[in-house]
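Peer 1: A structural model of the following input is requested.
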Amino acid sequence: MENKNSLITKLTSLLSKLPNIGPRQARRLSYFLARYNPKILDEIAKLFWDISKQIGVCESCNFIFEREMKNQKLCSICSDPKRKNKFICVVEKDTDLISIEKTGKYKGIYYVLNGLMNSFESDIDDIINLKPLIQKIKTSIAKKDPIEEIILALNFTSEGYLTASEIKKQLSPYGVKITQLGIGLPIGSEVEFADTETLIESFKNRR
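Peer 2: Predicted structure coming up:
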């Protein structure tokens, strides 16, 4: 039998904190890993260590990226002088950004929310951090070089609509143009799983 201090119990507890992994599934994974090839487990452990040391979060857009230099603070997109930094595409998660980048059509920069609101009672500040985005807009206004457009590329779900509504409310004092992806993405769909052509059409038809 397991005890609360056993390695299996500790691993189960950690795995259950991952997205979409419940306690039962976490326990099954723990026992599966315990039987797995030790050499592969060593490789996985080393990779986790490397990730903890080499992966960073972009200070400008909140995107996860692999550092090329020890003190690198910006991802390759935000540090690219060829990107149109007057256009900011707001996405829920890193994988949404990757899906949009694969289209090769969007040349602006991004902001990753890392979450969506799920109810009207939610406090947006407890779920997503809009302060860096608001500060970016304020700074652009102060420099008399304002952001031209904020593009909300959020999922076509109730959570996406709710979050978009709250973002519009918080950004309204700054007079920045705000658009959303248009016809192309069906109701209930997620940006991450949309095909390239659909995303391209959605950008063309944003409103």
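Peer 1: who touches the closest residue to Leu133 other than its chain neighbours in this structure?
Peer 2: Spatial nearest neighbour of Leu133, chain neighbours left out: Tyr111 (4.9 Å); criterion: Cβ to Cβ, 6 or more residues apart in numbering. In this view, the C-beta of every residue, glycine as well, is placed from N, C-alpha and C. By Cβ atoms under 8 Å, 6 or more residues apart in numbering, the contact set of Tyr111 is Cys61, Asn62, Ile88, Cys89, Val90, Val91, Pro132, Leu133, Lys136.
Peer 1: The third one: what secondary structure?
Peer 2: What DSSP: H, G, I helix; E, B strand; the rest coil gives for Ile88 is strand.
Peer 1: you'd agree it is up against Gly108?
Peer 2: Yes. Ile88 is within contact range of Gly108, at 6.3 Å (criterion: Cβ atoms under 8 Å).
Peer 1: Which of the residues in stretch 30-43 are classified as buried?
Peer 2: Ser30 (16 or more other Cβ atoms under 10 Å).
Peer 1: what is the mean pLDDT for that stretch?
Peer 2: Averaged across stretch 30-43, the pLDDT comes to 90.
Peer 1: I would like the residues contacting that stretch, please.
Peer 2: So stretch 30-43 is contacted by Ile8, Leu11, Thr12, Leu15 (Cβ under 8 Å, 6+ apart).
Peer 1: So which residues of this protein form helices?
Peer 2: 7-15, 23-34, 38-54, 94-101, 124-127, 131-142, 158-171, 196-204 (DSSP state H).
Peer 1: picking that back up, return the members of the contacts of Tyr111 classed as buried.
Peer 2: Of the contacts of Tyr111, these count as buried by 16+ other Cβ under 10 Å: Cys61, Asn62, Ile88, Cys89, Val90, Val91, Leu133, Lys136.
Peer 1: Most neighbours among the contacts of stretch 30-43, please name it.
Peer 2: Thr12 (21 neighbours; other Cβ atoms under 10 Å).
Peer 1: Roughly how far does that one sit from Pro19?
Peer 2: Distance, Thr12 to Pro19, by Cβ to Cβ, to the nearest Å: 16 Å.
Peer 1: related to what we said a few turns ago, please identify every residue contacting each of Ile88 and Gly108.
Peer 2: Contact criterion Cβ under 8 Å, 6+ apart; residues shared by Ile88 and Gly108: Glu149, Ile151.
Peer 1: From the chain's centroid, how far away is the helix or strand bottoming out on mean pLDDT in the chain?
Peer 2: Every helix and strand of the chain was ranked by mean pLDDT, DSSP states H and E. The lowest is helix 124-127, at a mean of 71. A distance of 15 Å separates the C-alpha centroid of helix 124-127 from that of its chain, computed with Cα atoms, centre = their mean, to the nearest Å.
Peer 1: Stretch 32-42 now?
Peer 2: 30 Å.
Peer 1: What of stretch 39-49?
Peer 2: On Cα atoms, centre = their mean, the centre of stretch 39-49 falls 25 Å from the chain's centre.
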